[in-house]
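Coordinates for the following, if possible.
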Amino acid sequence: MRREAQLARFQVLERIGLATPVPLSMSTLLAVAILVAYGRVWFASGGGLSAPHGALLIGFGGRWPPLISEEPWRLVTAMFLHAGLWHLGFNILAIATVGPRIEESYGRTTMLGIFIVTGLLANLATLQVGELGVGVGASGGVMGLIGAAAASGHRAGTSHGRAQRDAMLQWCAYTFVFGFAVGADNWAHLFGLVTGAAFGLAVRPETWKRRSLIPVRAVVGFVGLVATLGAVAIIITRTPKLPEEPHEDSSTSMDERAVMNSYIEICTKLYAGDTKGALASATQTMAAFGDGSRGAVREQFVVEICDSMQQQRDDCKAGAAGPDPASAEDDHEMCRMYQAIFDRLPVHAYKRRPATTDAPAGSAP
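This is a model prediction of the structure:
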């Protein structure tokens with residue numbers, strides 16, 4: 001009786017596209033790797049159930065367009081980072097359901113290779129058409145697995161193949177609906193699906209398992225294993241920190257202080273002659289804390305930031321204040337709160353601008 005009840009539950013799960021996870025499989029190991037990466041970010045975030053801070057996701061290796069040319073490994077590490085528990089849970093469930101199907105059809109390590117390659121291609125393609133923002137999540141690679149399973153099942157033409165295709169189409173629908181619901185990157189979902197389906201249509205499982213293709217399978221599996229281990233190693237060894245929190249008596253938000261601290265980093269690089277590094281840091285700051293729609297910033301914009309910082313510091317030292325008591329009090333409070341930050345700003349000549357054009361302290365100009 002108990003076995004019949006269990007069988008009935010399994011049949012219900014299969015009808016909605018789910019399957020029982022296989023405990024010892026490459027899919028399970030992939031899920032563990034993603035959980036380890038999430039745990040590292042969660043620990044750096046200070047625990048809790050809230051989504052990781054955008055600056056942390058960039059620091060740990062999120063897909064951030066201005067940094068891809070110098071750090072292309074972000075195209076892979078981004079696949080192991082997630083923006084919250086819902087995001088993480090959905091992708092882990094998808095891997096546990098879809099991964100074993102690919103392992104059964106194409107082989108254990110091939111599943112990992114398909115996940116990595118399709119996810120990487122999805123991230124690359126998304127850079128060309130997606131909006132500027134921090135990209136994280138395994139969904140591109142997951143959709144690659146879904147596409148490969150759906151296409152190979154359709155091509156097989158058997159009752160089992162058609163059932164697999166239909167189950168994968170259900171997962172396609174779940175993923176896109178979830179993407180729209182939480183604001184996830186559906187461009188990555190689409191590109192992952194297309195590249196995975198192309199593989200499934202082009203390569204039959206029985207063809208892939210031929211002895212003559214052992215070297216090819218070995219390369220694909222090696223790429224998957226090395227990329228997975230490398231991505232997790234990068235994530236767990238990086239040490240980005242949350243932006244500095246304000247003092248208890250401060251009315252200034254954490255984001256405002258974080259922006260000011262970022263400005264110090266930007267100006268230090270600029271004054272040291274590292275213009276490229278200053279531009280990259282400024283672009284990252286605009287996305288994480290300010291106007292992410294600005295895109296990659298120009299050198300003149302960075303110079304204006306640093307001139308404004310120099311001017312604000314000099315005004316604070318001179319005791320400059322607003323024309324009325326209320327604004328004067330605000331100015332004095334701002335100077336007191338940012339004194340330690342201004343003390344870290346390298347002294348440098350600057351072009352003084354009219355007070356009306358100064359960037360507000362802690363805001364993104």
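
what's stretch 100-118 in contact with?
Residues outside stretch 100-118 that contact it (C-beta atoms under 8 Å, 6 or more residues apart in numbering): 19, 21-22, 25-27, 30, 76, 79, 95, 99, 138, 140-145, 147-149, 152, 164, 192, 195-196, 199, 203, 205, 208-209, 217, 220-225, 227-228. Heads up, the C-betas are built off the backbone N, CA and C, glycines and all.

switch the cut-off to 6 Å
22, 25-27, 99, 141, 144-145, 148-149, 152, 192, 195-196, 205, 208, 220-221, 223-224, 227 (C-beta atoms under 6 Å, 6 or more residues apart in numbering).

from those residues, which would you call buried?
Burial by neighbour count, judged by 16 or more other C-beta atoms under 10 Å, picks out 25-27, 99, 141, 144-145, 148-149, 152, 192, 195-196, 205, 208, 220-221, 223-224, 227 from the contacts of stretch 100-118.

out of those, which are inside strands?
Of the buried ones among the contacts of stretch 100-118, none are assigned to strands by DSSP state E.

Which of those residues fall in helices?
Using DSSP state H, the subset of these located in helices is 26-27, 99, 141, 144-145, 148-149, 152, 192, 195-196, 205, 208, 220-221, 223-224, 227.

Spatially central residue for the protein, please.
When the chain is reduced to its mean C-alpha position, the closest residue under C-alpha atoms, centre = their mean turns out to be V136, at 2.3 Å.

if I look at that one, how far off is F301?
The gap separating V136 from F301 is 27 Å, by C-beta to C-beta, to the nearest Å.

With L29 instead?
As defined by C-beta to C-beta, L29 lies at a distance of 45 Å from F301.

Where do the domain boundaries of this protein fall?
As recorded under automatic domain parsing, the domains making up the chain are 20-236, 254-357.

Determine which stretch of these is the most buried.
domain 20-236 (a mean of 20; mean count of other C-beta atoms under 10 Å).

how far is it from where the chain is centred?
Average the C-alpha atoms of domain 20-236, do the same for its chain, and the two points are 13 Å apart (C-alpha atoms, centre = their mean, to the nearest Å).

Give the rounded mean pLDDT of that domain.
In this model, domain 20-236 has an average pLDDT of 88.

Am I right that G273 is in a strand?
No. Secondary structure of G273 (DSSP: H, G, I helix; E, B strand; the rest coil): coil, not part of a strand.

Return the distance of it relative to D185.
For G273, the distance to D185 (C-beta to C-beta) stands at 36 Å.

which one is A188 nearest to, not counting chain neighbours?
Ranked by C-beta to C-beta, 6 or more residues apart in numbering and with sequence neighbours excluded, the top spatial neighbour of A188 is G140, at 4.0 Å.
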